[in-house]
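In: A predicted structure for the sequence below; I have some questions about it.
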Amino acid sequence: MNETTDELMDATYAALCKHGYASLRMQDIADESSKSKSTLHYYYDSKQDLLYSLFDYLQRSFAERIAGLEGDTPDEQLVALIETYLAPRNEETFQRFRTALLEIKAQGPYDDRFRSELADFDRLLHYRFQSILERGQEAGTFRDEIDPDQTADFIVTVLNGVQTRHVAVGHPLERSCETLETYISEHVLVSDRVEVSVE
């Protein structure tokens, strides 16, 4: 990544948070950067191309964040991954970004590129959960009877639903996290209680 790309991705992120997916214009993105609208068109043919690039950029950034999760044990890393997924990149803008992201996800059935990007992200998240669960079983932290693939699939599905419900109807993230915490404690961990907190 070069400085121009980083700047344009940050500007696109900021503009998306501020204006939402449907209302976003190239000029809005230019207004958030030091570049002109014509410069944006030099690098990207359209707003849609910029949004594709942003989604890819965010996916790679997230992959880097979860590559070195905090926690010495699988149960700590499981909690860290959940918190990383739900934690804001920027507290001030993240709620608006969640809303814009939900708009983008709604394009999946109609836009093959977004659908592909969303599927890649889904696989990334699923693979990371499954890997942690498998290591936890080897370490004796997680129950032998759970299927890491199915459990990872369930957790990813729940997290997607948590975000959608939070954006759509304002359901508290903390309450959903408590429910997920109970599930992990009762069905995944061999013993003890795991704490998931979203601040």
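Out: Here it is on my side, so go on.
In: Going by C-alpha atoms from here, please, whenever you check contacts or count neighbours.
Out: OK.
In: Mind giving me the packing neighbours of the helix or strand of the chain with the lowest mean pLDDT?
Out: Lowest mean confidence among the helices and strands of the chain (mean pLDDT, DSSP states H and E): helix 91-105, at a mean of 74. Secondary-structure packing of helix 91-105 (3 or more C-alpha pairs under 8 Å, 6 or more residues apart in numbering; DSSP states H and E): helix 3-23, helix 112-139, helix 148-169.
In: Any buried residues in it, and which?
Out: Buried residues in helix 91-105, defined by neighbour count with 16 or more other C-alpha atoms under 10 Å: Arg96, Phe97, Arg98, Thr99, Ala100, Leu101, Leu102, Ile104, Lys105.
In: between it and helix 112-139, how many degrees?
Out: If you take axes from the mean of the first three to the mean of the last three C-alpha atoms, to 10 degrees, helix 91-105 sits at 110 degrees to helix 112-139.
In: Kindly format the C-alpha coordinates of helix 91-105 as CSV.
Out: Taking Å, rounded to 0.1, in the frame of the first residue of the first chain, the C-alpha atoms of helix 91-105 are listed here in CSV:
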residue,chain,number,x,y,z
GLU,A,91,-15.9,4.9,18.4
GLU,A,92,-17.2,8.1,16.9
THR,A,93,-17.9,6.8,13.4
PHE,A,94,-18.3,3.1,13.9
GLN,A,95,-22.0,3.0,14.4
ARG,A,96,-22.6,4.9,11.1
PHE,A,97,-20.1,2.5,9.5
ARG,A,98,-22.1,-0.5,10.7
THR,A,99,-25.1,1.0,9.1
ALA,A,100,-23.3,1.6,5.8
LEU,A,101,-21.8,-1.9,5.9
LEU,A,102,-25.3,-3.4,6.3
GLU,A,103,-26.3,-1.4,3.2
ILE,A,104,-23.3,-3.0,1.3
LYS,A,105,-24.2,-6.5,2.5
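In: Touching it from outside, list them.
Out: 13-14, 16-18, 20-22, 88, 114-115, 118, 163-164, 167 (C-alpha atoms under 8 Å, 6 or more residues apart in numbering).
In: Restricted to buried residues, select those residues in PyMOL.
Out: To isolate the buried ones among the contacts of helix 91-105 in PyMOL, judged by 16+ other C-alpha under 10 Å, type:
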select buried, resi 13+14+16+17+18+20+21+88+114+115+118+163+164+167
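In: Point out the least confident one among the contacts of helix 91-105.
Out: Among these, Pro88 carries the lowest pLDDT, at 59.
In: any chance of the buried residues of helix 91-105 in CSV, with distance to Gln77 too?
Out: Conversion of the buried residues of helix 91-105 to CSV gives the following (distance: C-alpha to C-alpha, whole Å):
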residue, distance to Gln77
Arg96, 28
Phe97, 25
Arg98, 24
Thr99, 27
Ala100, 28
Leu101, 25
Leu102, 26
Ile104, 29
Lys105, 27
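In: re earlier: out of the helices and strands packed on helix 91-105, which comes closest to Tyr52?
Out: Comparison of those against Tyr52 by C-alpha to C-alpha identifies helix 112-139 as nearest, at 7.0 Å.
In: Show me what that closest one is packed against.
Out: helix 47-67, helix 74-86, helix 91-105, helix 148-169.
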